[in-house]
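[1] Based on what follows, work out the 3D shape:
(2 chains)
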Number of protein chains: 2
Amino acid sequence: MAESNSVLIGRKPVMNYVLACITLFHSGAKEVNIKARGRAISRAVDVAEIARRRFLPDVKVGKITIGTEELKSGEGESSTNVSTIEITLTR
Amino acid sequence: MAESNSVLIGRKPVMNYVLACITLFHSGAKEVNIKARGRAISRAVDVAEIARRRFLPDVKVGKITIGTEELKSGEGESSTNVSTIEITLTR
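    Got it, this is the predicted structure:
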């Protein structure tokens, strides 16, 4: 897809990811997907809210989906589940 | 509203909140709202995913909304913003 503009949330400061979203929208994106899992989910919501409220008033929160991903620690090992979120911002 | 079944996520273990959701559905609720703010947002997603996948296969994730709440520290003090999430589980 040409429109696959994703921002994957990690452990960096929130503003780094907000800036990534702004940059994508300013370069012409109509849609940006903010993705996170585990502890970073709270930060993903912060990023969406700050980007939208403080910097991109014409951008709206579109679809929000949650899910579960299985993390395998090694071969044949027991796996742990981690929650995921995907927040779509649209202009 | 008679149907206002909310579970507010705090700092307790995830399973406490999962059990609260299960109890509400077993007592006849058609809809349960999982609410959280700040750091607890990740836990809210965990609660929704565990309740749905492991215990309540007939329950679906409905609407998910995110928002911002203003927290006032005192009178006339500066306020901080905190992100919020509300996940609706429906049967």
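[2] Residues of chain A that sit close to chain B?
    A:38-42, A:45-46, A:48-49, A:53, A:61, A:64-68, A:81, A:83-85, A:87 (Cβ under 8 Å from any Cβ of the partner chain). From N, CA and C alone the C-beta is placed, and that goes for glycine too.
[3] what separates the residue nearest the centre of chain A from chain B, distance-wise?
    Closest to where the C-alpha atoms of chain A average out (Cα atoms, centre = their mean) is residue A:34, at 1.8 Å. Computed as Cβ to the nearest Cβ, to the nearest Å, the residue A:34 to chain B distance reads 10 Å.
[4] check contacts around that residue.
    A:6-7, A:9, A:17, A:21, A:44, A:47-48, A:86-89 (Cβ atoms under 8 Å, 6 or more residues apart in numbering or on different chains).
[5] And the strands in chain A?
    A:6-8, A:31-37, A:60-72, A:79-90 (DSSP state E).
[6] Identify all contacting residues around stretch A:4-16.
    With contacts defined as Cβ under 8 Å, 6+ apart, stretch A:4-16 is touched by A:17, A:20-21, A:24, A:29, A:31-36, A:40, A:43-44, A:46-47, A:50.
[7] Quote the end-to-end distance of it.
    For stretch A:4-16, the first-to-last residue distance is 19 Å (Cα to Cα, to the nearest Å).
[8] distance between it and the chain's centre?
    6 Å (Cα atoms, centre = their mean, to the nearest Å).
[9] buried sites along it?
    For stretch A:4-16, the neighbour count (16 or more other Cβ atoms under 10 Å in any protein chain shown) marks A:5, A:7, A:9, A:14 as buried.
[10] Then stretch A:55-73?
    Neighbour-count burial for stretch A:55-73 [16+ other Cβ under 10 Å]: A:56, A:59, A:61, A:64, A:66, A:68.
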